[in-house]
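> let me see the structure of the following:
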Amino acid sequence: MLNHTEQFQRARQTRDARFDGRFFVAVKTTKIFCRPICPANLPKEENVEYFTNAALALQAGYRPCLRCRPDSAPNSWAWLGSKTTYQRAAHLIEQGALQHGSLQQLAQRLGISDRYLRQLFAKNLGMSPKQYALYHQLMFAKQLLHSSNMSMTEIGFASGFNSTRRFNDAFKKALKLAPSDLKREAGHVSSVKSLELSYRGAYDWQYTLDFYRLRAIEGLEKVGDNSYQKWVRINGDNAWFAIYFDRKPNKVVLEFELADITQLKSLVSNVRRMFDLDVDINIVEQHLQQVEPELVIRSGIRMPGVWDTWEAGVRAILGQQVSIKAAIGQLNLLVNTLQPNGVTHFPTPQEVVDADLSFLRMPQSRRETLSRFAQLISCEPEAEFSQWLALKGIGPWTVNYAALRGRSEPDRFLDGDLVVKKALKEFIQVNKETVSPFGSYATFHLWSHAG
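Predicted coordinates:
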């Protein structure tokens, strides 16, 4: 049983969509757990218990509802609270860290011992990190069974199982169903793989596409009337994805090509972050409108992210004190010069370190900043922002921009940005304190007022 019980009760009884993804309702008599918006008849309160995580419901012996599909519920970062080692570990496991590495490697990445990592999960979830990883593999597999055009074998490997037999056995044991009960093998499997991703609330797709279009890198990104495409690298392998939003309400279609299908979880996780699919946008906009009623002139503005903090950092350094057009011109020059035989990916830190950057048309001091930044990330890919700030030429604006677009942190208010400063003259109630914890969204709304 969890905290906020009374709030959960009201949300369940009214099927409040604002709480979708924040908690799950488990019915003791049927041993099934649902989303709070499930259209099934409401069970009596004495027959219900609540879980804030689907993995906890699975561990307690409940199986997911086939009607409301808990595997497709949007996640809710707003309820995670302060950042802790445990939460970071859980996030990395959800992204597939234990599919591509050992528990010891994950612990080392977090700067703790594997014993302490197991203790953190026992204390916070009552299960081991590996068990938590297994439950997420199973829920991801269930999502793919329902919403992708992939074969059963591909789904098993994409979910982190090294054999179809292992996949079938684990699925039956935990979910009391066979994968084939949810999806039959297709006679023809398309060469272009696709799946549906859910989101809730309004989404101003035109704003998102216009934002990307203005900042697109030639040969690396394509922005259409209703779609966005990008070529990326995942763990050293080239990959491609396209996202389409005009086909079904509150869903986007993700098409992809991967050299290694086991990287799909990482791709999906990063695409959800890039396109801000997990936010409860109603809560964000209600807060901002209470601060300044006229701040939100376009409902559904979300945070258009970039692939990672390295790319966001490069974009920020090249964009210092110049127009967007000038910055993108230099970015295109960088990408195309370092890949003269055709663009396949955003330049890696090591490629920038090894390059003579004299071709960039900018002050030498900025070239040196870019070189120092590349050296840092090449040596320490997960360097803290405090390490960034120690580099000559990198200040708070660069770090905040990278956090906002590279990590999609919700409370990075760019009050040092020139466009934001100008817009703030019209909104005297808006400042870092009043818009918190949604400073990043306030930044985008202020940018939207500039046209």
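> give the buried residues for the lengthiest helix in the chain.
As assigned by DSSP state H, the longest helix anywhere in the chain is helix 129-147. Using 16 or more other C-beta atoms under 10 Å as the test for burial, helix 129-147 gives 129, 131-145, 147. Where C-beta positions appear, they are placed from N, C-alpha and C, glycine not excepted.
> dump the next helix or strand after that helix to PDB, restricted to CA.
Note on helix 129-147: by DSSP states H and E, the next helix or strand toward the C-terminus is helix 152-158. Extracted in PDB, the C-alpha atoms of helix 152-158 (Å, rounded to 0.1, in the frame of the first residue of the first chain):
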ATOM      1  CA  MET A 152       8.000 -12.600 -32.200                       C
ATOM      2  CA  THR A 153      11.700 -13.500 -32.400                       C
ATOM      3  CA  GLU A 154      12.700  -9.800 -32.900                       C
ATOM      4  CA  ILE A 155      10.500  -8.800 -29.900                       C
ATOM      5  CA  GLY A 156      12.200 -11.300 -27.700                       C
ATOM      6  CA  PHE A 157      15.700 -10.100 -28.600                       C
ATOM      7  CA  ALA A 158      14.700  -6.500 -28.500                       C
END
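> helices or strands up against helix 152-158?
helix 129-147, helix 164-175, helix 179-182 (3 or more C-beta pairs under 8 Å, 6 or more residues apart in numbering; DSSP states H and E).
> okay, those in JSON lines with mean pLDDT and distance to residue 315 next?
Output for these, formatted as JSON lines (pLDDT from 0 to 100; distance: least, C-beta to C-beta, whole Å):
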{"stretch": "helix 129-147", "mean pLDDT": "90", "distance to residue 315": "30"}
{"stretch": "helix 164-175", "mean pLDDT": "89", "distance to residue 315": "40"}
{"stretch": "helix 179-182", "mean pLDDT": "84", "distance to residue 315": "41"}
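> select, out of those, the one closest to residue 204.
Distance to residue 204, taken as C-beta to C-beta, is lowest for helix 129-147 among these, at 23.9 Å.
> what angle do helix 164-175 and the closest one make with each other?
Taking axes from the mean of the first three to the mean of the last three C-alpha atoms, to 10 degrees, one finds that helix 129-147 is oriented at 100 degrees with respect to helix 164-175.
> SS state for residue 229?
strand (DSSP: H, G, I helix; E, B strand; the rest coil).
> what's the burial count for it?
16 (other C-beta atoms under 10 Å).
> where's the residue nearest the centre of the chain relative to residue 323, distance?
Taking C-alpha atoms, centre = their mean, the centroid of the chain lies closest to residue 273, which sits 2.0 Å from it. Taking C-beta to C-beta, to the nearest Å as the measure, residue 273 falls 27 Å from residue 323.
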